[in-house]
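Asker: pasting the sequence and the predicted model now:
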Amino acid sequence: MSGFPFYVVNAFTTEAFCGNPAGVIVVDDFLSDQMLKNLVKESHLPEVSFVRARPQSGEFDIRWFTSELELDLCGHGTVGAAHAIFNHIAPSLNDLTFYFADQQLVVSKVEQGYRLTFPSLVVELCQDETIKRAVEVAIGRPVKSLYQGRSYLAFIDNQRELEALAPIKDKLVALDLPGVIVVTDGDELDYVCRYFAPQKGIFEDAVTGTAHSTITTLLSKTHGAKRFNASQLSSRGGRLQAQLNDQGVELTCDGFTSLVGQIFY
């Protein structure tokens, strides 16, 4: 029997029972993809970040998995891994660098928690009425405008409608892209959103870094503002600041450790 240090971090919050729970498993080397997926299934979490330290202090390889697939980028998984390292694995660090594929992400401690810069995720206006209608049927609401990129990005009328959304899973799965971000102006914040991605094994994600990177990239072009205070209105909820800069979308957020232990296989 073998085991790994295992952490659960609620990303994008400072509270228990809120934010997006990210599993963080520290490994000496990465196991097979199937074994990593099995560990995610065993954790009963929507996503687990697997982290391996490099010889150079403050440098780590990172991979993100759901029980179904490997993700190419994961916001809450990155926040969760950074929080676990800063608070439990290497508390003397103030900055760290994650390496994945041929890219890297730098995370820094700041007064408000953590700051990291995600790639700007660009979307294009979708003018296909058949696709727009399919998205409207899937989310159960009319869409004012629809964009497409990594996922669909749908704008609806108001926060009340967003809170009442009850999408149809089968209709979401039938869409060509593996997720739908639904966004509107917030009653008290710059914008609020929800994100549905059943094709990735997550019906509704609690808080999604890539979704906010996508929204911020677009709104910075269409609204003129570069900085946004935002919230994701899932049942757990979470808040962050997002700002477009020359390097990408800078996210400022926090994390909360909800579990520390070991996971065995």
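Answerer: In hand now; what should we look at? Fair warning: this is a prediction, and the values are worked out from it, not measured in the lab.
Asker: ok, the closest residue to residue 13 other than its chain neighbours to residue 94 distance?
Answerer: Leaving aside its sequence neighbours, residue 13 sits nearest to residue 19 (CB to CB, 6 or more residues apart in numbering; 3.1 Å). C-betas here are computed from N, CA, C, even on glycine. Distance of residue 19 to residue 94, given as CB to CB, to the nearest Å: 22 Å.
Asker: neighbour count winner among the two?
Answerer: Each of residue 19 and residue 94 has its neighbours counted (other CB atoms under 10 Å); residue 19 has more, 30 against 11.
Asker: mind listing what's buried along the helix or strand hosting residue 60?
Answerer: Assessed by DSSP states H and E, residue 60 sits inside strand 59-65. For strand 59-65, a neighbour-count test (16 or more other CB atoms under 10 Å) marks 60, 62-65 as buried.
Asker: quick one on the thing from earlier: can I assume the residue nearest to residue 13 is in contact with residue 11?
Answerer: Yes. Residue 19 is within contact range of residue 11, at 5.3 Å (criterion: CB atoms under 8 Å).
Asker: hey, what's in contact with both of these two?
Answerer: Listed as contacting both residue 19 and residue 11 by CB atoms under 8 Å, 6 or more residues apart in numbering are 76, 207, 238, 255.
Asker: what sits against the residue lying closest to the second one once chain neighbours are set aside?
Answerer: Right, the one you point to is residue 207. Leaving aside its chain neighbours, residue 207 sits nearest to residue 238 (3.4 Å; criterion: CB to CB, 6+ apart). Listed by CB under 8 Å, 6+ apart, the contact set of residue 238 reads 11-13, 18-20, 206-207, 231-232, 253.
Asker: top of the residues you listed by number of neighbours, please.
Answerer: Result: residue 11 is most packed of these (other CB under 10 Å), 33 neighbours.
Asker: which element, helix or strand, includes residue 251?
Answerer: Per DSSP H and E, residue 251 falls inside strand 248-253.
Asker: and the next helix or strand past that strand?
Answerer: For strand 248-253, the following helix or strand on the C-terminal side (DSSP H and E) is strand 255-264.
Asker: so residue 123 sits against residue 155, correct?
Answerer: No. At 11.1 Å, residue 123 does not count as touching residue 155 under the criterion of CB under 8 Å.
Asker: before we move on, back to that, show me the contacts of residue 238 that map onto strands.
Answerer: 11, 20, 231-232, 253 (DSSP state E).
Asker: greatest separation within these: which pair is it?
Answerer: Across these, the longest distance by CB to CB is 13.6 Å; it joins 11 and 231.
Asker: just checking, what packs against the strand holding residue 60?
Answerer: helix 33-43, strand 48-53, strand 70-71, helix 75-84, strand 95-100 (3 or more CB pairs under 8 Å, 6 or more residues apart in numbering; DSSP states H and E).
Asker: for residue 157, what are its contacts?
Answerer: Applying CB under 8 Å, 6+ apart, we find residue 157 in contact with 142, 144, 184.
Asker: and residue 33, how many neighbours does it have?
Answerer: Neighbours of residue 33 (other CB under 10 Å): 12.
Asker: next one: it from residue 25, what distance?
Answerer: Residue 33 is 14 Å from residue 25, by CB to CB.
Asker: quick check: end-to-end length of stretch 146-154?
Answerer: The first residue of stretch 146-154 is 5 Å away from its last residue (CA to CA, to the nearest Å).
Asker: for stretch 154-162, that is, sorry about that
Answerer: Terminal-residue distance, stretch 154-162 (CA to CA): 11 Å.
Asker: buried residues in it?
Answerer: For stretch 154-162, by 16+ other CB under 10 Å, it's 154-156, 159, 162.
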